[in-house]
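J.: kindly generate the corresponding structure for this input.
(one chain, ligands or ions: 1)
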Amino acid sequence: MILIVDDNQNNVYSLKKLLDSKGFPTDTANNGEDALGKALNNDYSLIILDVQMPGMDGFEVAETLAGYSKTKEIPILFLSAVNTDKRFITKGYKSGGIDYVTKPIDTEVLMLKIKTFYRLQENNLAMKKTQQSLELEVEGRKEAQLLMKSEIDHFQLMLEALPQIAFTLDENGLINFVNHKWFDYSDSDLRFPETHADDLNIEEEFQRCRRKGEALELEVRIKHRISDEYRYHLLRMSPVSQNNTVKNWVGTFTDIDDQKRVEREKDEFLSIASHELKTPLTSIKAYLQLAFRKLGQNPENNGKEFVGKALDQVEKLNSLVTDLLDISKIENGKLKINKKQADLEEVVSNTIDTIIQTAGNPNVRIDRNFTNINQHVSFDPVRIEQVLINFLTNAIKYSPENNHVIVSTAIKKNEVRVSVTDFGIGIPEFKLASVFQKFYRVEESSVQFQGMGIGLYICSEIINQHRGTIGVSSQLGEGSTFYFTLPLN
Ligand code: ADP
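T.: Numbers count the residues shown, from 1 in each chain. Got it, this is the predicted structure:
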């Protein structure tokens, strides 16, 4: 906007009309004081200032405007009927004005000057605004950087306080922070600790996970720098993402060596105990079978019934010891699978018959949801029967109120699926994934039902060795479906 200052109403009127006709927004003032007040309250791009005015003259107004930061930059165009003298023109410039036009005014020249000043000032203002916003942005960025730095410092301070080895990596997978525990196992903050020759390579495993953007979890032995001892550590490295891109990685090595040793000792104990138990148990079983047969020849002797019960118990003990032996075989990588082409349907129906005969409960009903498996399946019949027996005995054991079980088979794409459904107590959803772990028992049922929590663990190993899948779905209080799949040839 342009401010026209003149005590002569006619001059103001004609100049305003001229500027309005050229499309310039204008404002007017009739004396110096009024002009000062307006200039301090509004934003003008140009002030056209009459020099001769009663009260404050144009020069005084210009000098005062030059004293305020808000107004000192506004260009001033002096208008005067007199004072064409060079002395006065110079005074006009000194007081902050930019140009000086004498009356009578050549409107064309005046308009040219106004246009130029106006545009210059508009550009100036625009540049200032840009500069201000740039300054603001720089300021904001500086603050954000400071904030980020203090957050990183805080985070690293926390990692220092951890009892584990802790470290971070940048988006390119390069280590950029390690806590002091790191140096117990590595002499450089750029290199991972040395791993045991039989264990996986950390760098390779990390790069594999980095390509997929997945977290890494690895049990690995790393070498202590002073004792030269390799200790088992659980290495965890997790990506930290922002807007779906991985910005950092944070990792820890947790010492699990003592835990591992206890686990090893327990496995060794189980292995020795089950082997040592197996031999006398086999003899007891053989002697009991002999006694059972002998007593059977004498119909008057009722001891046969007791020997029969003792044999049943020995059979249960035998299957427990066999399970324990299987566990130690799994630990030592010795659980062997003898795959051959066999009739899966025959195995399924024979197992159902065995379970019905040995269940000792006439109410047990096992229905067969039948899909004829007319394709070749290669599997170990003894081990797959073991899995099915486990599923079926569990289905009956964990369904005290309902003895109905359904065994289904189905063929999907290139695999066959066998499932066992019961209508028993069910399993809480968040515990489903754990039931295949070694020695895991669902708390709610562990008091009421006997068991060791190893059957399903062995089943999952057997199925894994067949390159199949094993799983469960369940509704608490309504029942469960355990299934396994085997690949078709
Ligand atoms: P065990 O039955 O000897 O405890 P398993 O490994 O066979 O061991 O089963 C592990 C756990 O899974 C069981 O303790 C039980 O809590 C749960 N479970 C297995 N089968 C069923 C089922 N059909 N219904 C409900 N819970 C089950």
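J.: quick one: the helices in the stretch 301-450 of the chain?
T.: Taking DSSP state H, counting those that start in this stretch as the criterion, the stretch 301-450 of the chain contains helices spanning 303-331, 344-358, 381-397, 443-446.
J.: now, of the ones you listed, which is deepest in the fold?
T.: When neighbours are counted by mean count of other CB atoms under 10 Å, the highest per-stretch mean among these falls to helix 381-397, a mean of 21. From N, CA and C alone the C-beta is placed, and that goes for glycine too.
J.: and it, anywhere near the ligand?
T.: Yes: in this structure, helix 381-397 sits against the ligand according to CB under 6 Å from any ligand atom; the contacting residues are Asn390, Asn394, Ala395.
J.: who touches that helix?
T.: Under the criterion CB atoms under 8 Å, 6 or more residues apart in numbering, residues 337-338, 340, 342, 344, 347-348, 350-352, 354-355, 359, 361, 364, 366, 403, 405, 407, 418, 420-422, 424, 449, 451, 455-456, 458-459, 462-463, 466, 480, 482, 484, 486 lie in contact with helix 381-397.
J.: which of the residues you listed are buried?
T.: 337, 342, 344, 347-348, 351-352, 355, 364, 366, 403, 405, 407, 418, 420-422, 424, 455-456, 458-459, 462-463, 466, 480, 482, 484, 486 (16 or more other CB atoms under 10 Å).
J.: contacting the ligand as well, which ones from the residues you listed?
T.: Checked against the ligand using CB under 6 Å from any ligand atom, the buried ones among the contacts of helix 381-397 give the following subset in range: Asp422, Gly424, Gly455, Leu456, Ser480.
J.: ok, the second one - contacts?
T.: Residues counted as contacts of Gly424 (CB under 8 Å, 6+ apart) are Ala395, Tyr398, Ser399, Pro400, Glu401, Asn402, Gly479, Ser480.
J.: hmm, which helix or strand of the chain has the shakiest average pLDDT?
T.: For the chain, using mean pLDDT, DSSP states H and E, the weakest element among its helices and strands is helix 86-94, scoring a mean of 55.
J.: and the helix or strand following it, which residues are buried?
T.: From helix 86-94 onward toward the C-terminus, using DSSP states H and E, the following helix or strand is strand 99-102. Of all the residues in strand 99-102, those buried under the rule 16+ other CB under 10 Å are Asp99, Tyr100, Thr102.
J.: what is the mean pLDDT for the next helix or strand after strand 99-102?
T.: Scanning forward in sequence from strand 99-102 by DSSP H and E, the next helix or strand is helix 107-161. Rounded to a whole number, the mean pLDDT of helix 107-161 is 90.
J.: now stretch 263-277
T.: Across stretch 263-277, pLDDT averages out at 88.
J.: related to what we said a few turns ago, in strands only, show me the ones next to the ligand among the buried ones among the contacts of helix 381-397.
T.: Secondary structure of those is defined by DSSP state E; positions in strands are Asp422, Ser480.
J.: now, among the ones next to the ligand among the buried ones among the contacts of helix 381-397, which is nearest to Ser21?
T.: Nearest to Ser21 among these: Ser480, at 90.5 Å, using CB to CB.
J.: in which helix or strand does the nearest residue in space to that closest one that is not next to it in sequence reside?
T.: In space, and not counting its chain neighbours, Ser480 is closest to Ser474: 3.8 Å by CB to CB, 6 or more residues apart in numbering. When elements are assigned from DSSP H and E, Ser474 belongs to strand 469-475.
J.: now that strand: buried residues?
T.: Ile470, Gly471, Val472, Ser474.
J.: what does the residue nearest to Gln121 when sequence neighbours are not counted show for phi and psi?
T.: The spatially closest residue to Gln121, leaving aside those adjacent along the chain, is Ser45, at 4.2 Å (CB to CB, 6+ apart). Main-chain torsions, Ser45, degrees, to the nearest 10: phi -90, psi -20.
J.: ok, now which ones touch Ser45?
T.: Listed by CB under 8 Å, 6+ apart, the contact set of Ser45 reads Met1, Ile2, Ile74, Pro75, Phe117, Tyr118, Gln121, Glu122, Leu125.
J.: put together TSV for the residues you listed, with neighbour count and distance to the ligand on each row.
T.: Converted to TSV, the contacts of Ser45 look like this (neighbours: other CB atoms under 10 Å; distance: CB to the nearest ligand atom, whole Å):
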residue	neighbour count	distance to the ligand
Met1	13	83
Ile2	21	88
Ile74	22	85
Pro75	21	88
Phe117	21	89
Tyr118	19	86
Gln121	18	83
Glu122	12	80
Leu125	13	77
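J.: next, format the residues you listed as CSV and append distance to His224.
T.: As requested, those are exported to CSV (distance: CB to CB, whole Å):
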residue, distance to His224
Met1, 79
Ile2, 82
Ile74, 76
Pro75, 78
Phe117, 80
Tyr118, 79
Gln121, 74
Glu122, 73
Leu125, 69
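J.: SS state for the residue in the chain positioned nearest to the ligand?
T.: Across the chain, no residue is closer to the ligand than Gly451, which sits at 2.5 Å (CB to the nearest ligand atom). Judged by DSSP: H, G, I helix; E, B strand; the rest coil, the three-state class of Gly451 is coil.
J.: show me what contacts it?
T.: The neighbours of Gly451, taking CB under 8 Å, 6+ apart as the test, are Lys397, Arg441.
J.: ok, back up a step: just the buried ones from the contacts of Gly424, in PyMOL syntax?
T.: Restricted to buried positions by 16+ other CB under 10 Å, the PyMOL selection for these reads:
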select buried, resi 395+398+399+479+480
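J.: might you report the residue contacts of the closest residue in space to Ile175 that isn't next to it in sequence?
T.: Sequence neighbours aside, Leu169 is the residue nearest to Ile175 in space, at 5.3 Å (criterion: CB to CB, 6+ apart). Remark: with contacts taken as CB under 8 Å, 6+ apart, Leu169 is in contact with Ile175, Asn176, Met237, Asn248, Trp249, Gly251.
J.: quick check: Leu169 is in a helix.
T.: No: Leu169 is assigned strand when assessed by three-state DSSP, not a helix.
J.: do you know the pLDDT at it?
T.: So Leu169 comes in at 96 (pLDDT).
J.: partners of it in the sheet?
T.: Beta-bridge pairing of Leu169 under DSSP bridges involves Ile175, Trp249.
J.: could you shift the numbering so residue one becomes 858, and keep it that way?
T.: Let's use 858 as the start, then, which means that last one is Leu1026.
J.: related to what we said a few turns ago, how close does the residue nearest to Ser1337 sit to Leu1177?
T.: Distance, Ser1331 to Leu1177, using CB to CB, to the nearest Å: 25 Å.
J.: up against the ligand, what does the stretch 958-1107 of the chain have?
T.: By the rule CB under 6 Å from any ligand atom, no part of the stretch 958-1107 of the chain lies against the ligand.
J.: what are the contacting residues of stretch 1078-1096?
T.: Surrounding stretch 1078-1096, the residues in contact under the criterion CB under 8 Å, 6+ apart are 1022, 1026, 1040-1044, 1050-1053, 1055-1056, 1059, 1063, 1066-1067, 1070-1077, 1103, 1105-1114, 1116-1117.
J.: kindly report the same for stretch 1122-1133.
T.: Contacts with stretch 1122-1133, where a contact means CB under 8 Å, 6+ apart, come from Val1178, Leu1181, Leu1182, Ile1184, Ser1185, Glu1188, Asn1189.
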